[in-house]
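>>> 3D model of this:
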Amino acid sequence: MKNVIVLGKSLLISYGITAVLLTIGAFVMLKAQVKQSQMMTLIYVVYAVANFASGFILGKAKKEKKFLWGLAAGIMYFIVLSFISFVVNQGFYQNPIQAALALGASAVFGMIGGMAG
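Residues are numbered from 1 along each chain as shown. So this is what the prediction gives:
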(Lines give C-alpha, C1' and ligand atoms only; values in the text may rest on other atoms or scores of the structure.)
Protein backbone atom coordinates (compact mmCIF):
# COMPACT_ATOMS: atom_id res chain seq x y z
CA MET A 1 0.00 0.00 0.00
CA LYS A 2 2.86 2.34 0.83
CA ASN A 3 4.30 1.84 -2.69
CA VAL A 4 1.01 2.89 -4.29
CA ILE A 5 0.85 6.03 -2.14
CA VAL A 6 4.42 7.05 -2.99
CA LEU A 7 3.77 6.40 -6.70
CA GLY A 8 0.54 8.38 -6.53
CA LYS A 9 2.25 11.34 -4.85
CA SER A 10 5.03 11.38 -7.41
CA LEU A 11 2.48 11.27 -10.25
CA LEU A 12 0.47 14.11 -8.73
CA ILE A 13 3.62 16.20 -8.52
CA SER A 14 4.50 15.39 -12.12
CA TYR A 15 1.01 16.41 -13.29
CA GLY A 16 1.34 19.64 -11.31
CA ILE A 17 4.65 20.33 -13.03
CA THR A 18 3.04 19.51 -16.37
CA ALA A 19 0.16 21.93 -15.75
CA VAL A 20 2.45 24.78 -14.73
CA LEU A 21 4.93 24.29 -17.57
CA LEU A 22 2.23 23.88 -20.22
CA THR A 23 0.46 27.01 -18.99
CA ILE A 24 3.68 29.01 -19.19
CA GLY A 25 4.49 27.46 -22.56
CA ALA A 26 1.04 28.24 -23.94
CA PHE A 27 1.37 31.86 -22.91
CA VAL A 28 4.82 32.17 -24.48
CA MET A 29 3.68 30.44 -27.67
CA LEU A 30 0.65 32.71 -27.91
CA LYS A 31 2.82 35.79 -27.69
CA ALA A 32 5.59 34.44 -29.97
CA GLN A 33 3.36 32.91 -32.68
CA VAL A 34 5.29 29.63 -32.84
CA LYS A 35 4.76 26.77 -35.27
CA GLN A 36 3.12 23.45 -34.42
CA SER A 37 6.43 21.59 -34.64
CA GLN A 38 7.90 23.90 -32.02
CA MET A 39 4.82 23.38 -29.87
CA MET A 40 5.26 19.59 -30.03
CA THR A 41 8.91 19.96 -29.04
CA LEU A 42 7.85 21.98 -26.01
CA ILE A 43 5.31 19.31 -25.04
CA TYR A 44 7.97 16.57 -25.18
CA VAL A 45 10.31 18.70 -23.07
CA VAL A 46 7.52 19.13 -20.52
CA TYR A 47 6.97 15.34 -20.50
CA ALA A 48 10.70 14.86 -19.92
CA VAL A 49 10.93 17.34 -17.04
CA ALA A 50 7.76 16.10 -15.33
CA ASN A 51 8.76 12.45 -15.58
CA PHE A 52 12.31 13.13 -14.45
CA ALA A 53 10.86 14.79 -11.35
CA SER A 54 8.47 11.91 -10.72
CA GLY A 55 11.23 9.34 -11.13
CA PHE A 56 13.54 11.36 -8.91
CA ILE A 57 10.95 11.45 -6.14
CA LEU A 58 10.43 7.71 -6.37
CA GLY A 59 14.17 7.12 -6.51
CA LYS A 60 14.60 9.04 -3.26
CA ALA A 61 11.78 7.10 -1.60
CA LYS A 62 12.92 3.68 -2.81
CA LYS A 63 16.41 2.52 -2.12
CA GLU A 64 16.38 -0.53 -4.41
CA LYS A 65 15.49 -0.90 -8.09
CA LYS A 66 15.20 2.86 -8.43
CA PHE A 67 15.38 2.76 -12.22
CA LEU A 68 12.41 0.36 -12.33
CA TRP A 69 10.38 2.63 -10.07
CA GLY A 70 11.22 5.57 -12.31
CA LEU A 71 10.25 3.54 -15.37
CA ALA A 72 6.96 2.58 -13.70
CA ALA A 73 6.25 6.23 -12.92
CA GLY A 74 6.90 7.23 -16.53
CA ILE A 75 4.67 4.52 -17.92
CA MET A 76 1.88 5.32 -15.44
CA TYR A 77 2.17 9.01 -16.34
CA PHE A 78 1.70 8.13 -20.02
CA ILE A 79 -1.23 5.79 -19.33
CA VAL A 80 -3.13 8.30 -17.18
CA LEU A 81 -2.38 11.17 -19.56
CA SER A 82 -3.53 9.07 -22.52
CA PHE A 83 -6.73 8.07 -20.71
CA ILE A 84 -7.54 11.69 -19.90
CA SER A 85 -6.80 12.67 -23.49
CA PHE A 86 -9.02 9.84 -24.75
CA VAL A 87 -11.93 10.95 -22.55
CA VAL A 88 -11.59 14.65 -23.34
CA ASN A 89 -10.83 14.35 -27.06
CA GLN A 90 -12.83 11.17 -27.64
CA GLY A 91 -9.83 9.64 -29.32
CA PHE A 92 -6.24 8.64 -28.88
CA TYR A 93 -3.20 10.32 -30.40
CA GLN A 94 -3.70 11.39 -34.01
CA ASN A 95 -0.34 9.99 -35.00
CA PRO A 96 1.12 6.72 -33.65
CA ILE A 97 4.59 8.26 -33.84
CA GLN A 98 3.50 11.00 -31.42
CA ALA A 99 2.17 8.35 -29.04
CA ALA A 100 5.43 6.39 -29.24
CA LEU A 101 7.51 9.53 -28.65
CA ALA A 102 5.36 10.50 -25.66
CA LEU A 103 5.65 7.01 -24.17
CA GLY A 104 9.39 6.91 -24.86
CA ALA A 105 10.05 10.34 -23.34
CA SER A 106 7.94 9.50 -20.30
CA ALA A 107 9.55 6.10 -19.71
CA VAL A 108 13.16 7.09 -20.37
CA PHE A 109 13.13 10.31 -18.34
CA GLY A 110 11.23 8.63 -15.51
CA MET A 111 13.93 5.97 -15.42
CA ILE A 112 16.73 8.54 -15.52
CA GLY A 113 15.06 10.46 -12.69
CA GLY A 114 14.74 7.27 -10.68
CA MET A 115 18.44 6.52 -11.08
CA ALA A 116 19.35 10.09 -10.10
CA GLY A 117 17.13 9.98 -7.00
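
>>> how about K9, what does it touch?
Residues in contact with K9 (Cβ atoms under 8 Å, 6 or more residues apart in numbering) are I57. (Each C-beta comes from the backbone N, C-alpha and C, glycine too.)

>>> and if you look at I84?
Applying Cβ under 8 Å, 6+ apart, no residues contact I84.

>>> work out for me the element it sits within.
Using DSSP states H and E, I84 sits in helix 66-89.

>>> next SSE downstream of that helix?
helix 96-116.

>>> quick one: distance of that following helix to the chain centre.
7 Å (Cα atoms, centre = their mean, to the nearest Å).

>>> tell me the angle that helix makes with helix 66-89.
Counting by axes from the mean of the first three to the mean of the last three Cα atoms, to 10 degrees, helix 96-116 lies at 140 degrees to helix 66-89.

>>> residues contacting stretch 28-46, please?
Counting by Cβ under 8 Å, 6+ apart, 17-18, 21-22, 25, 98, 101-102, 105 sit against stretch 28-46.
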